[in-house]
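In: Give me the fold of what follows.
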Amino acid sequence: MSDDIKTSYKIGQDNITPFGLDIHNPVFLISGLSIVAFVLITLMFQEGAAAFFGWLRPAITSTFDWFFLSAANIFVLFGILLVVTPLGKVRLGGQDATPDFSYIGWFAMLFAAGMGIGLMFFGVSEPISHFGSSMGGVAVGDNGVRTDWAPLGAAAGDVAAARDLAMAATIFHWGLHPWAIYAVVALALAFFAYNHNLPLTLRSAFYPLLGERVWGFWGHLIDTLAVFATLFGLTTSLGFGTKQALSGFNYLFGWGTGSVAIVVLVTVITAIAIVSVVRGLDGGVKVLSEVNMGLALLLLLVIMFVGPTGDIMTAIFSGGAAYVKEVVWLSMPFGREDTNFAQGWTSFYWAWWISWSPFVGMFIARVSRGRTVREFVLCVIFIPTLLCVAWMGAFGGTAISQVVADASAPVAAVAQELKLFEMVQDFPFSALLSMVGIVLVLVFFITSSDSGSLVIDSITAGGKNDAPVSQRVFWCSFEGIVAIVLLLVGGSEALGALQAMAVSTGLPFTVVLLAMCISLYMGLSKASKQL
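Out: Numbering: from 1, shown residues only. Okay, the predicted model is just below:
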């Protein structure tokens with residue numbers, strides 16, 4: 001262990017091993033029993049639970065929208081600071097370390113773990129929603145200009161401005177800010193694990209702030225919060241994926257979208273995810289991530305070249321330019337007239353990304369040894385942002401062009417989970433493209449579930465990466481069970497129930513991430529002075 005961090009902590013010293021398991025006590029017991037209790041109570045009091053979930057999300061996002069927006073801005077600024085200062089010279093694993101994965105394999109795992117299902121679900125629906133709402137600039141005030149979008153001068157009927165606004169708002173939710181959230185967690189975990197030989201778990205990132213106390217109560221609290229955030233963040237994404245995949249199968253084959261279909265689909269996909277978990281990182285997650293990346297790029301290229309290529313290119317470049325121009329204004333936590341955008345969209349997204357950050361951050365940390373801090377931040381924040389601009393421009397640009405050509409186009413009217421399939425309806429081989437879309441959703445589902453299980457298992461085993469396989473199977477199974485329970489209990493508002501749990505865990509974990517920035521800065525400052 002490095003000279004600047006001295007600790008008596010030994011991995012496994014407070015682990016218990018019943019039935020051949022390797023459990024970090026009390027993180028596994030508290031988080032596991034709490035989640036079991038949550039499932040049972042929700043099933044026992046379904047009506048009350050549904051009402052509670054319906055109240056919870058808007059209550060948090062409307063009260064703490066300023067906090068979520070401010071925190072996300074801090075994460076972006078912190079990432080820029082790491083790139084432009086000498087802190088960026090520090091290499092994860094030491095100055096002689098070399099990367100474990102090629103750039104292609106690394107990018108594939110970043111992309112698949114980071115946002116997969118969300119891109120499939122929101123790639124069409126979000127640009128259309130912004131375009132058709134007051135955010136799009138088509139609905140305007142008495143003076144003919146939306147005052148809250150005055151910088152772009154979205155006059156009534158200005159379709160080009162409406163499209164740019166829709167794309168800027170969409171890219172904002174999938175660009176720099178969410179990837180900066182992931183980067184903070186991933187970099188902190190990787191630095192303290194690889195440069196200071198501490199266990200790969202959330203508590204290790206707080207050693208400069210807490211010292212030996214990270215191995216006691218405060219460390220247990222941090223890791224337990226990370227488990228809750230990861231599980232409910234994952235189940236939210238699995239819920240989106242389930243709704244979209246079922247809707248796709250029903251759209252193509254009439255299979256239905258009821259309770260039985262939900263249980264069957266989540267069970268089958270969870271079983272496949274368990275197989276991937278058993279195969280491990282290289283044999284399961286990495287292979288599936290690369291397959292998914294290939295399929296995603298194939299679908300993206302087909303949409304770009306078979307669809308309205310000119311409109312897509314305009315949406316990508318003009319929408320991307322609008323995002324760059326308006327990102328500061330979009331990020332402002334105060335003085336907003338359109339509170340629905342900040343509270344109904346941005347607050348939820350930031351809470352969702354933050355609840356995902358322990359899972360995605362730890363996964364990215366595990367595959368990022370050997371990268372410099374500067375290389376890491378540039379690749380983790382900016383490369384995926386560019387991919388998201390291209391993706392949203394292709395899918396959103398195509399959908400918007402259909403609405404512009406025909407205001408009654410079905411893509412504008414169908415439910416969110418059906419918009420992708422309706423958009424490709426007029427494409428050649430539309431059924432095949434829809435099937436590719438469904439397969440992508442399912443494989444994203446699997447990669448999220450199995451990599452999330454690996455992460456939760458590592459946290460609850462005290463930072464070990466070689467805990468018994470049965471523990472990974474346990475967590476993978478419970479991700480599926482929680483997703484089923486929330487989808488069934490939520491009924492017509494099932495996605496709202498899932499979102500409520502992601503937001504509720506994202507709120508306290510935002511405080512954890514802010515403290516993590518301070519701790520990481522302290523550690524990198526000392527390391528950079530030794531170069």
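In: show me where the stretch 351-500 of the chain has helices.
Out: Here the stretch 351-500 of the chain has its helices, by DSSP state H, counting those that start in this stretch, at 373-377, 383-405, 410-413, 419-423, 430-460, 469-490, 494-529.
In: Show me what the fourth one is in contact with.
Out: To tie it back to what came earlier, the one meant is helix 419-423. With C-beta atoms under 8 Å, 6 or more residues apart in numbering as the test, helix 419-423 has contacts from 120-121, 123-125, 128, 244, 247-248, 251-252, 395, 398-399, 402, 410-411, 414, 434, 437. Quick note: C-beta positions are derived from backbone N, CA and C, even for glycine.
In: repeat that with 6 Å
Out: 124-125, 248, 251, 399, 410-411, 414, 434, 437 (C-beta atoms under 6 Å, 6 or more residues apart in numbering).
In: Check those residues for burial and list the buried ones.
Out: Those of the contacts of helix 419-423 that meet the buried threshold are 124-125, 248, 251, 399, 411, 414, 434, 437, by 16 or more other C-beta atoms under 10 Å.
In: Check which helix or strand H177 maps to.
Out: Using DSSP states H and E, H177 sits within helix 176-190.
In: starting at the chain centroid, how far to that helix?
Out: 11 Å (C-alpha atoms, centre = their mean, to the nearest Å).
In: re the thing from before, and which of the contacts of helix 419-423 is nearest R213?
Out: Nearest to R213 among the contacts of helix 419-423 is S125, at 45.2 Å by C-beta to C-beta.
In: residues near the residue lying closest to the closest one once chain neighbours are set aside, how many?
Out: In space, and not counting its chain neighbours, S125 is closest to Q416: 4.2 Å by C-beta to C-beta, 6 or more residues apart in numbering. Q416: 18 surrounding residues under other C-beta atoms under 10 Å.
In: Need the per-residue pLDDT for Q416.
Out: pLDDT, Q416: 85.
In: And L225, by the same measure?
Out: 89.
In: cool, the one 3 residues further on as well?
Out: Here, the pLDDT recorded for F228 equals 86.
In: quick one: secondary structure of L198?
Out: coil (DSSP: H, G, I helix; E, B strand; the rest coil).
In: and what of W255?
Out: Under three-state DSSP, W255 comes out as coil.
In: in the stretch 301-450 of the chain, which ranges drop under the pLDDT threshold?
Out: 335-338 (pLDDT under 70).
In: can you check the chain too?
Out: Those would be 1-25, 109, 111-116, 134-157, 280-286, 289, 335-338, 464-467, 490-495, if you go by pLDDT under 70 across the chain.
In: Surely the residue nearest to S125 is in contact with G123?
Out: No - counting by C-beta atoms under 6 Å, Q416 stays clear of G123, with 10.8 Å between them.
In: Quick check: M167 touching T314?
Out: No - M167 lies out of contact with T314 (C-beta under 6 Å); the separation is 9.4 Å.
In: Neighbour count: the two, which is higher?
Out: Per other C-beta under 10 Å, whichever of M167 and T314 has more neighbours is M167, with 30 against 19.
In: Without its sequence neighbours, what residue ends up closest to the more buried one?
Out: Using C-beta to C-beta, 6+ apart, the closest residue to M167 is G319 (2.6 Å).
In: In contact with that neighbour, which residues?
Out: G319 touches 164, 167, 393, counting by C-beta under 6 Å, 6+ apart.
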